[in-house]
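[1] Pasted the sequence and its predicted model underneath.
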Amino acid sequence: MPAPQPPIRPSGRLAAHAPIESRDRIVTAATTLFAEHGYDGTSTRQIAAEAGLNMATVNYADRPRPSLTG
């Protein structure tokens, strides 16, 4: 089940809380997918899709997969 989508924001700078919110969404998505498919069976692209984020946001978070679980 995909994560709920936040309201659409106008383009421009992200709100100050956005990086923390994005990281929370990434961690939640990663935890769900790791439980379903295992660590080796989960790609970063799948995590981004499950979190409802684009790959640029996930890459910007600059968190390698091992740190997503803790």
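    On my side now, so go ahead. Numbering: from 1, shown residues only.
[2] where in the chain is pLDDT low?
    1, 6-18, 62-70 (pLDDT under 70).
[3] repeat that with 50
    By pLDDT under 50, the low-scoring segments of the chain are 14-17.
[4] what about residue 39, distance to residue 56?
    Residue 39 sits at a distance of 23 Å from residue 56 (criterion: CB to CB, to the nearest Å). (C-beta placed from N, C-alpha, C; glycine too.)
[5] out of those two, which sits in the busier spot?
    Taking other CB atoms under 10 Å, residue 39 and residue 56 do not tie; residue 39 has more neighbours (12 against 9).
[6] helix/strand/coil for the more buried one?
    Counting by DSSP: H, G, I helix; E, B strand; the rest coil, the backbone at residue 39 sits in coil.
[7] So for whichever strand or helix holds residue 25, what gets flagged as buried?
    Taking DSSP states H and E as the definition, residue 25 sits inside helix 18-37. Neighbour-count burial for helix 18-37, counted by 16 or more other CB atoms under 10 Å, picks out 22-23, 25-27, 29-30, 32-34.
[8] can you redo these as JSON lines with distance to residue 45?
    Listed next are the buried residues of helix 18-37 as JSON lines, based on distance: CB to CB, whole Å:
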{"residue": "22", "distance to residue 45": "16"}
{"residue": "23", "distance to residue 45": "17"}
{"residue": "25", "distance to residue 45": "15"}
{"residue": "26", "distance to residue 45": "12"}
{"residue": "27", "distance to residue 45": "16"}
{"residue": "29", "distance to residue 45": "11"}
{"residue": "30", "distance to residue 45": "12"}
{"residue": "32", "distance to residue 45": "15"}
{"residue": "33", "distance to residue 45": "11"}
{"residue": "34", "distance to residue 45": "14"}
